[in-house]
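Student: Generate a structure from the sequence data that follows.
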Amino acid sequence: YVIGQADAKRAVANALRNRWRRQQLEEELRAEIMPRNMLMVGPTGVGKTEIARRLAKLVDAPFIKVEATKFTEVGFHGRDVDSIIRDLLEMAMTRQRSRLEDELRPKATEAAEEQILNALIGPMSAQSDKDTWLAHLRAKLLDDRQIKVEVPVTDNDLYPEWVGGGSDSRKPPQIRVIQVPVAGGAGSRQMEKRTMTVAEARQKLVQV
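Tutor: Next comes the predicted model:
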């Protein structure tokens, strides 16, 4: 809770409300309303950072704190300034990935267990056998067994890569290449069978 600064808190609350109201409009009307960003000015210790931090938490948005003074040395355009946007993007991607993993973990765990059981005893096994092996699997009695499972060739297609650029601030900003796999069809990630322990397969398949 931020003590004091009632006017500042009211101003950011109104700005956030206006943003939300704009999002509820139809596309044509939304284009006619320009969203406004916020710039808080004041001496050290009055609560600017904490207000921004709490606001980001309320809307579940990424938040970073940087010392912007050093960025003015090379101007407002360049690799150093662009790194602020890069850090925000990376934080947002990490948060969203973590959120999706938490939401999908039960289904992912169930699918991973089924794939491991198929590798251990085959997909045509009786249900009673599957139940027995599943109990052993969940009790981690089979973690040291070696199995072959199908996993993506690499995970690089899920993560961004930086190409070009360098340490010299006079060089153009680095280009971020993000490859997003398309579910199904020719755009699917290439899969291959790998030999690993049940414990490794469980962790790998849940992440996939």
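Student: hang on, residue 148 in a strand?
Tutor: Yes: judged by DSSP: H, G, I helix; E, B strand; the rest coil, residue 148 forms part of a strand.
Student: What's the local residue count around it?
Tutor: Using other Cβ atoms under 10 Å, residue 148 has 10 neighbouring residues. C-beta here means a position set from N, CA and C on the backbone, and glycine is covered the same way.
Student: those helices in this protein, which residues are they?
Tutor: 6-23, 27-30, 48-58, 79-121, 127-138, 198-207 (DSSP state H).
Student: Can I get the ones you listed in TSV including mean pLDDT, distance to residue 64 and mean neighbour count?
Tutor: Output for the helices of the chain, formatted as TSV (pLDDT from 0 to 100; distance: least, Cβ to Cβ, whole Å; neighbours: other Cβ atoms under 10 Å):
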stretch	mean pLDDT	distance to residue 64	mean neighbour count
helix 6-23	87	17	12
helix 27-30	84	27	9
helix 48-58	89	9	15
helix 79-121	84	5	14
helix 127-138	92	40	14
helix 198-207	86	26	18
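Student: Figure out which of the ones you listed is closest to residue 147.
Tutor: Nearest to residue 147 among the helices of the chain is helix 79-121 (4.1 Å), distances taken as Cβ to Cβ.
Student: tell me what the closest one is packed against?
Tutor: Judged by 3 or more Cβ pairs under 8 Å, 6 or more residues apart in numbering; DSSP states H and E, helix 79-121 is in contact with helix 127-138, strand 146-152, helix 198-207.
Student: Residue 41: which of the ones you listed is closest?
Tutor: Nearest to residue 41, of all those, is helix 198-207, at 44.3 Å by Cβ to Cβ.
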